[in-house]
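K.L.:
Below: sequence and its predicted model.
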Amino acid sequence: MSKHPQSLFGSRLRTARIRAGLPQDRLGVLIGLDEGCSSARISRYETGTHEPPFETAKSLAAALGIPAAYFYCVSDELADIILESHDLSVDELINVLEWLRHLKQAHVSQ
């Protein structure tokens, strides 16, 4: 029987791991866990039984090629924005930020 994530962190971790095509044990090994316990540890994070320390979350994010902030976004839309903007250059991020500020100002002015 498959366990479903019970925490926001766990849900986002599971989604990112599956997107990356990594099994739990491989992800655990990539962040330095012993091969014998890596699957169980990642499973505990995904089910919400345990939440990793932030340093471990950063390691998980690096192994998955995503920003750690993705794990903590309450809004799915904001999480998607973070994923989409992760690989942008600084100049591109500045352009996106300026566009968002303009959009927000236009909304406030209405």
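P.N.:
Thanks, I have the structure now. Numbering: from 1, shown residues only.

K.L.:
Break the protein down into its domains, please.
P.N.:
1-72, 75-110 (automatic domain parsing).

K.L.:
What are the contacting residues of the biggest helix by length in the chain?
P.N.:
The longest helix of the chain (DSSP state H) is helix 90-109. Helix 90-109 is contacted from outside by 85, 88, using Cβ atoms under 8 Å, 6 or more residues apart in numbering. Heads up, the C-betas are built off the backbone N, CA and C, glycines and all.

K.L.:
Just the buried positions in it, please.
P.N.:
By neighbour count with 16 or more other Cβ atoms under 10 Å, helix 90-109 contains no buried residues.

K.L.:
next one: stretch 57-69
P.N.:
Neighbour-count burial for stretch 57-69, counted by 16+ other Cβ under 10 Å, picks out 57, 59-61, 63-64, 66-68.

K.L.:
and the domains of the chain as CSV, adding mean pLDDT?
P.N.:
Listed next are those as CSV, based on pLDDT from 0 to 100:
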stretch, mean pLDDT
domain 1-72, 93
domain 75-110, 93
